[in-house]
Every structure is written in C-alpha cells, then in structure tokens.
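> The amino acid sequence is not available; the structure is as follows:
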C-alpha cells in the first residue's frame with residue numbers, strides 16, 4: 001500500500017476507495033458511509049471530470065484513426081481541410097455530409113472528425129484569450 005492510500009477519515013491504511021471518483025480511500029465501509037455527506041459534492045465533480053476526460057480520449061483516438069485511414073494527415077489534405085474550414089462562413093460551418101463526400105468517408109466519421117476539430121478550435125480560442133488577458137499575446 002502506498003502512502004496515498006490512507007483513510008480520509010482516520011488516516012489509517014486504507015484498502016477501499018470510492019468506486020465513483022476513485023480519488024478517496026477508506027479503511028472500511030463505516031468510514032466511507034460516515035464521510036459520504038462531506039465527500040458527495042466533490043465526488044460528483046471529480047467523476048464528471050473523469051468521464052469527460054475519458055470521452056475526450058476515446059474521441060481523440062477515433063479522430064486519429066479517421067485522420068490516418070483517409071490520409072488526412074498528409075500535407076495536401078491538411079491544407080485542403082484548412083482551406084475548406086477557413087472559406088466556410090462562420091455561421092454556416094462545414095456540413096458533415098459535404099465533408100464526407102469530399103473526403104470519401106461515412107457521415108458518421110465526418111461528424112467525429114469535425115467535432116474534434118471544434119474541440120481544437122475552442123481550445124485554441126480559450127488559450128489565446130487567456131494569453132491576451134495575462135498580457136502574453138498581442
């Protein structure tokens with residue numbers, strides 16, 4: 001048992017942990033039950049964060065599979081995608097059926113690909129906004 005596996009209630013060595021968030025350890029059921037009221041709100045937040053991270057990981061793997069399967073990682077395709085996205089009106093977006101036809105994939109694969117692109121754009125925008133707020137970007 002590592003130093004981290006200590007009961008959240010009494011600090012004794014712990015072998016049981018919260019099955020929902022997996023971040024808090026207990027020496028037994030009695031302490032887990034007694035701590036539930038205090039742990040409950042934090043547990044929900046942690047479990048939601050874990051679920052979102054796992055969802056992103058799965059989505060990213062699928063995006064990478066599609067990118068490689070259709071050669072979208074090649075310079076010419078990447079340029080074509082960038083131009084397609086840049087030349088589409090901000091309010092319109094690229095439709096999944098249009099993207100699927102253009103790159104020879106299923107609409108479902110196009111949806112997955114385009115949704116991950118949106119995640120990347122959102123991250124970039126948030127990062128730039130934070131950099132501007134902190135004075136790191138012009």
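Noted; the coordinates are in hand. Fair warning: this is a prediction, and the values are worked out from it, not measured in the lab.

> the helices in this protein, which residues?
Applying DSSP state H to the chain gives helices spanning 29-69, 75-86, 96-103, 107-133.

> and those, which one is worst for confidence?
Per-stretch averages of pLDDT across those put helix 107-133 at the bottom, with a mean of 85.

> Out of the helices of the chain, which is closest to residue 7?
Closest to residue 7 of the helices of the chain is helix 29-69 (C-beta to C-beta; 5.6 Å). In this view, the C-beta of every residue, glycine as well, is placed from N, C-alpha and C.

> by contact count, what packs against the closest one?
In this structure, helix 29-69 makes packing contacts with helix 107-133, judged by 3 or more C-beta pairs under 8 Å, 6 or more residues apart in numbering; DSSP states H and E.

> now the helix it packs on: how far from the chain's centre is it?
In terms of C-alpha atoms, centre = their mean, to the nearest Å, the centre of helix 107-133 is set 11 Å apart from its chain centre.

> Over to stretch 101-119?
In terms of C-alpha atoms, centre = their mean, the gap separating the centre of stretch 101-119 from the centre of its chain is 17 Å.

> before we move on, the earlier item: which one of the helices of the chain is the most hemmed in?
Each of the helices of the chain was given a mean neighbour count from mean count of other C-beta atoms under 10 Å, and the largest, a mean of 16, is that of helix 96-103.

> Spatially central residue for this structure, please.
For the chain, the residue whose C-alpha lies nearest the mean C-alpha position (C-alpha atoms, centre = their mean) is residue 56; its distance is 2.9 Å.

> gap between that residue and residue 132?
For residue 56, the distance to residue 132 under the criterion C-beta to C-beta, to the nearest Å works out to 25 Å.

> With residue 27 instead?
Distance check for residue 27 against residue 132: by C-beta to C-beta, it reads 49 Å.
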